[in-house]
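A.B. asks: coordinates only, sequence not included:
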């Protein structure tokens, strides 16, 4: 299946439940970790894979899912999918009725919770189907952080880029096939 096909029952966009929108008010929710959300903010997100390691094909699928909402529900600045986790730097976009406002000024944006649920749910179902398994594949919670300034944003972007090198997976980060940075061009599509 090619990511980006709209109105497909197996696409990340077909969610069986509704999610709250992010407003300009800073709100906090907590499970085991604290999560802060406010419309227009940029987030650094880390999600751990719970069971084993992902194959190259599975990492490609996860990368595509992370980029599925690019330009529609989120502005994705960077993603790296490692064998057992992923990092994203993204900014949820304004809701359709707020699209005339820039993301930082919108009163209501798509929720980070909604976007991440979409990515985790879609990829878990797809990977489980390929493996012939069932059950959760991602950690219940993500580690998410609101970027406070340009310095922190650039620090996290460099972290995303250097993560495969630091992990010893590759010598040159730009050769890592599961890294996508905004300047690299349009999101990759499944070649199968």
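C.D. replies: Nice, thanks for sending it over. Here the structure is a predicted model, which is why all the values come from computation and not from measurement.

A.B. asks: Which residue ranges of this structure form strands?
C.D. replies: Assigned by DSSP state E, the chain shows strands spanning 22-23, 27-30, 34-37, 43-48, 74-81, 85-92, 108-109, 143-146, 179-181.

A.B. asks: any idea of the mean pLDDT in the third one?
C.D. replies: Averaged across strand 34-37, the pLDDT comes to 60.

A.B. asks: With the last one instead?
C.D. replies: In this model, strand 179-181 carries a mean pLDDT of 96.

A.B. asks: Show me the contact partners of it.
C.D. replies: By Cβ atoms under 8 Å, 6 or more residues apart in numbering, the residues outside strand 179-181 that reach it are 63, 66-67, 76-80, 157, 160-161, 164, 173, 187-188. C-beta coordinates here come from the backbone N, C-alpha and C atoms, glycine included.

A.B. asks: among those, who's most crowded?
C.D. replies: Highest neighbour count within those, by other Cβ atoms under 10 Å: residue 66, with 31 neighbours.

A.B. asks: If you tally nearby residues, what's the number for residue 87?
C.D. replies: Neighbour count of residue 87, defined by other Cβ under 10 Å: 22.

A.B. asks: for residue 144, same thing?
C.D. replies: Residues near residue 144, counting by other Cβ under 10 Å, number 21.

A.B. asks: got it, and residue 98?
C.D. replies: Count around residue 98 with other Cβ under 10 Å applied: 19.

A.B. asks: Please tell me I have it right and it contacts residue 110.
C.D. replies: No - using Cβ atoms under 8 Å, residue 98 makes no contact with residue 110, being 10.0 Å away.

A.B. asks: just checking, what packs against the longest helix out of those in the chain?
C.D. replies: Using DSSP state H, we find that the single longest helix of the chain is helix 112-131. In terms of contacts (3 or more Cβ pairs under 8 Å, 6 or more residues apart in numbering; DSSP states H and E), helix 112-131 is packed against strand 34-37, strand 43-48, helix 56-66, strand 85-92.

A.B. asks: any weak-confidence spans in this protein?
C.D. replies: The chain contains residues with pLDDT under 70 at 1-37, 99, 101-107, 184-192.

A.B. asks: Report the central residue of it.
C.D. replies: Using Cα atoms, centre = their mean, the residue of the chain that lies closest to the mean C-alpha position is residue 66, 4.2 Å off.

A.B. asks: Tell me which residues touch that residue, please.
C.D. replies: Residues in contact with residue 66 (Cβ under 8 Å, 6+ apart) are 76, 79, 81, 86, 88, 119, 180.

A.B. asks: From those residues, pick the one nearest residue 147.
C.D. replies: Nearest to residue 147 out of the contacts of residue 66 is residue 88 (Cβ to Cβ; 11.9 Å).

A.B. asks: hey, what's that closest one bridged with?
C.D. replies: residue 45, residue 79 (DSSP bridges).
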